[in-house]
Structure formats: C-alpha cells, structure tokens
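J.: need a structure here:
(chains A and B)
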Amino acid sequence: MAISKGSNNSPFPKHAADQEDLVDENTILVQRTLRSGQTISYHGNVVVLGDVNPGAEISAAGNVIVMGALRGVVHAGAGGDENAIVMAFKLQPTQLRISDHITRPPDNEAVDTDHPEMARIKDGVVTIEAFQTPAERQAKP
Amino acid sequence: MGEVIVITSGKGGVGKTTTAANLGAGLAYLGKKVALVDTDIGLRNLDMALGLENRIVFDIVDVTSGNCRLRQALIKDKRLDGLHLLPAAQTKDKTAVNPEQMQALCDDLRKEFEYIIIDCPAGIEQGFRNAIAGADKAIVITTPEVSAVRDADRIIGLLEASELREPTLIINRIRPKMVRQGDMMSIEDIIDILAIDLLGVIPEDEMIVITTNRGEPVVLDQGSRLGQSYRNIVKRILGEDVPLMSLDEGGFFRKIRKMFGME
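T.: A predicted model of the protein is given here:
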C-alpha cells in the first residue's frame, strides 16, 4: 500500500478525514477504570480502556466508547450532536444522555446482557441495540 | 522503622474503629509493639472499643499543639503490654489538626512502634485528609451493601490520587446465607467493582455488640469464630498466607440440616 506523503514529509497524509466515514475529532484515551466521583469532560470523543463505576461521570461533545462495564453517568453529544453514540461492552449506566435527551434504565429488574451494546438516537428516541460489526450486519438474511 | 496503616472506608458505621481495635490488639498479642491513633476528633470511639476511656488525660490535639509530649498522651492498654492508644479529642473538631502535623506525629511514632494503626473518620473531608497524611498503607473497609461499596469506590479513587496505591480490602458483616439466597452482594460482586486485593472477610456476628460495649476486643477471645477471622487478617498483615475461613456455621450442623433437606 502506497503511503502518500504530506508536504511536511511525515508518513501521515495531512487530510486523513477527507472520507465521510472517518470522524475527524479529537479523541482522548482513558487507560484506567474511572472510580466513583471521578469525571471526564472533553470536547471530542472519549474512549475508556476499563470500567466506569457508578458515581463516575463522562461528558463528551462526541462519542463515548467504554471497553468495559459502563455503570456511571454518560453524556455523549454534549454540545448538541444528535448523531453521537455510546457504546460499551456492558451497557448498564445509571443515566444515559445523548445531546439533550436524558434516559435511564427501566425501574424493574434490568436484563444483564453479556454482549456489547450501542445507544443512539433513532427516529428522535434514544434506542439501545446490540452492537454489530459490519460483517455481522451483512450476514443477517 | 514502623509501618503506618490507615483504616478507612468513606461510609460511616461499617466497622473501621472495631477493626482498628481488633487488628491492633491482635498484633500486640503476637508480641508486636503497636500504637493505635484515633483521628475522629470530636466523635472519639477507639478508646471505648478498648475499654480505656477512663484513662484519658491528654489527647492528639494536645500533642500536635504542643501542650504535652507524645509520651504523656499515649495510654498503655490494660491487657496487652505492647499496645498503646493515642486518643482523639472530644471537645474539638477535625479542623484542630492539619495534615502536616499528622505527618510529623506519624514520623515520631515510627521511631518507637512497629505498627501504627490510624482509625480514620467517615467522610472525605479534613478528617480523612488528616488521617491519610502520614500513612504508608491503607486498608479499606466495606460492608456488602451497594451504598457502602459506592463510598468505598470513591475513597479508593481518593487514596490512589494521593499516592496511597494498592489499598487492600476487608469485607465486614457478611451473611453467607443471604449471599447464597441472592439477597446480599457476594465477595465476587464487591471485588468486581472495587478491583483491589482482598485482605479478609469478617462475618456478621452478635458478639460484636457485646464485646464493643464491654471494651474487650473479640480478637483476644480464642474460642470465637469472629475472633478467628480477625486473627487471620492479623496473620496476613504479618505476611502469612492464610486461606479464607469458611464462613458458614460449623460443619456438623450443616450436615444434619442437609440430611433433613433443610438446605
């Protein structure tokens, strides 16, 4: 694969996000579990390599991806972006917000799912669906 | 050079003072020279847990403000030679001492004692900051309740942020029957959230009410299972690898119940 060189001679092309499906926003990587009382607030995407314990809060202008159990409060699209998503290996937040939509889990006994799930706004409502890779989506009849 | 261990929890009433008294007494029983320090200024209880409340002349605030020497304030335990108590003040509050004074106090105690156990008050404010100021290690106490675990998680975050890395955990007041029935958080549930090493588990036991009211640490009661769980934790602090005690009732009665299909 040819690597196009930018004018500054680095191996990375200057405008990597010319294509539509590449989100060009800043992203921070949190490389630990967030404990109760700890908060992350960022004007971009937030990726957590760990859990988000109850009592912890994430507020992101962009998307939030938690590679672990999300049990705290999460706010994606905090600046008003209705296309923002929240994804977690275990999606069990005490409260989930996307843009100005605020939702919480049902009051009755919550279903303990063991697969990754994604929350986003579909037809004006926050919906949660099983996270499927493009290959899995293709495989569906 | 002594080791300073702070016993903290965040949540109130989970057993910090009782555990501090029992671990201190347990270590002293095994021949160690131990100082117990009560930092719950204004709401002192550690003296009562040891039955020493009538012997208080000077307290921690007297020491830090220079009214007396440390020697004068330390109270020798009435049962154990190696155990000493530095009581809190009852008529002041937690602003009477600051972290720098606590650090100096711990440095002084280190010269004379092998183990210094600090009983931390509930909360995350000045009292907590004072208690952890001079500590080398931290033990976090929690009960198997969601509110206690939530507070313990907060405390662990604060401990990690102040360089007291790798605190260990004691789960107090566990009821194995309720855990089996799914009505109470299990050890695994708690460790799943808190993610720190387990130091020990202490079962719920009515004897605690009796022994704390009498000011007699139950760790000294050789016939008590509750005392045995504290003794096991003391051995683990000293580096011994002790397996977790089975917390269910004695094996004989369990077998009888199983025979009659009662569990």
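J.: which residues of chain A lie near chain B?
T.: Residues of chain A lying close to chain B by C-beta under 8 Å from any C-beta of the partner chain are A:Thr33, A:Arg35, A:Ser36, A:Gly37, A:Gln38, A:Asp51, A:Asn53, A:Pro54, A:Gly55, A:Arg71. Placement of C-beta: from N, CA and C, glycine included.
J.: can you lay out the residues you listed as JSON lines showing distance to B:Asn22?
T.: Shown next, in JSON lines, are the residues of chain A next to chain B (distance: C-beta to C-beta, whole Å):
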{"residue": "A:Thr33", "distance to B:Asn22": "31"}
{"residue": "A:Arg35", "distance to B:Asn22": "28"}
{"residue": "A:Ser36", "distance to B:Asn22": "27"}
{"residue": "A:Gly37", "distance to B:Asn22": "29"}
{"residue": "A:Gln38", "distance to B:Asn22": "32"}
{"residue": "A:Asp51", "distance to B:Asn22": "32"}
{"residue": "A:Asn53", "distance to B:Asn22": "29"}
{"residue": "A:Pro54", "distance to B:Asn22": "30"}
{"residue": "A:Gly55", "distance to B:Asn22": "30"}
{"residue": "A:Arg71", "distance to B:Asn22": "33"}
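J.: format the residues you listed as TSV; extra columns: secondary structure.
T.: Shown next, in TSV, are the residues of chain A next to chain B (DSSP: H, G, I helix; E, B strand; the rest coil):
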residue	secondary structure
A:Thr33	coil
A:Arg35	coil
A:Ser36	coil
A:Gly37	coil
A:Gln38	coil
A:Asp51	coil
A:Asn53	coil
A:Pro54	coil
A:Gly55	coil
A:Arg71	coil
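J.: where are the low-confidence patches of the stretch 101-250 of chain B?
T.: Applying pLDDT under 70 to the stretch 101-250 of chain B picks out residues B:248-250.
J.: repeat that for 50
T.: Across the stretch 101-250 of chain B, nothing is flagged by pLDDT under 50.
J.: quick one: buried ones out of the residues of chain A next to chain B?
T.: Buried residues within these, defined by neighbour count using 16 or more other C-beta atoms under 10 Å in any protein chain shown: A:Thr33, A:Arg35, A:Ser36, A:Gly37, A:Gln38, A:Asp51, A:Asn53, A:Pro54, A:Gly55, A:Arg71.
J.: so for the fourth one, what's the pLDDT?
T.: If I follow you right, that is A:Gly37. Listed pLDDT for A:Gly37 reads 95.
J.: contact partners for it?
T.: Each residue near A:Gly37 by C-beta atoms under 8 Å, 6 or more residues apart in numbering or on different chains is listed here: A:Gly55, A:Ala56, B:Asp153, B:Arg154, B:Gly157, B:Leu158.
J.: quick check: the farthest pair among the residues you listed?
T.: Across the contacts of A:Gly37, the longest distance by C-beta to C-beta is 13.0 Å; it joins A:Ala56 and B:Leu158.
J.: in what helix or strand does the closest residue to B:Thr168 other than its chain neighbours lie?
T.: The shortest distance from B:Thr168 to any non-neighbouring residue, by C-beta to C-beta, 6 or more residues apart in numbering or on different chains, is to B:Leu199 (3.9 Å). Per DSSP states H and E: B:Leu199 is located in strand B:197-203.
J.: which stretches in the chain count as strands?
T.: Just so you know, I chose chain A. Counting by DSSP state E, chain A has strands at residues A:27-30, A:39-42, A:45-48, A:57-60, A:64-70, A:73-76, A:86-91, A:95-98, A:101-103, A:117-122, A:125-130.
J.: wait, chain B
T.: For chain B, the strands defined by DSSP E occupy B:3-8, B:34-38, B:75-76, B:83-86, B:115-119, B:137-142, B:168-174, B:197-203.
J.: show me what from chain B comes close to chain A.
T.: Contacts of chain B with chain A, taken as C-beta under 8 Å from any C-beta, map to B:Arg150, B:Asp151, B:Asp153, B:Arg154, B:Ile156, B:Gly157, B:Leu158, B:Glu160, B:Ile193, B:Ala195.
J.: rerun that using 10 Å as the cut-off
T.: Applying C-beta under 10 Å from any C-beta of the partner chain, we find that chain B lies next to chain A at B:10, B:124, B:146, B:149-161, B:192-195.
J.: still on that earlier bit, so of the strands of chain A, which one's packed in deepest?
T.: Comparing those on average neighbours per residue, with mean count of other C-beta atoms under 10 Å in any protein chain shown, the densest one is strand A:73-76 at a mean of 25.
J.: export the strands of chain A to a markdown table and tack on distance to B:Leu220?
T.: Rendered in a markdown table, the data for the strands of chain A read as follows (distance: least, C-beta to C-beta, whole Å):
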| stretch | distance to B:Leu220 |
| --- | --- |
| strand A:27-30 | 47 |
| strand A:39-42 | 45 |
| strand A:45-48 | 47 |
| strand A:57-60 | 46 |
| strand A:64-70 | 42 |
| strand A:73-76 | 46 |
| strand A:86-91 | 45 |
| strand A:95-98 | 48 |
| strand A:101-103 | 54 |
| strand A:117-122 | 53 |
| strand A:125-130 | 55 |
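J.: where do the helices sit along chain B?
T.: Secondary structure of chain B by DSSP state H: the helices cover B:16-29, B:46-49, B:60-64, B:70-73, B:99-112, B:126-132, B:146-161, B:176-180, B:187-194, B:207-214, B:225-237, B:251-259.
J.: looking at those, which is buried most?
T.: Comparing these by mean count of other C-beta under 10 Å gives helix B:16-29 as most buried, with a mean of 27.
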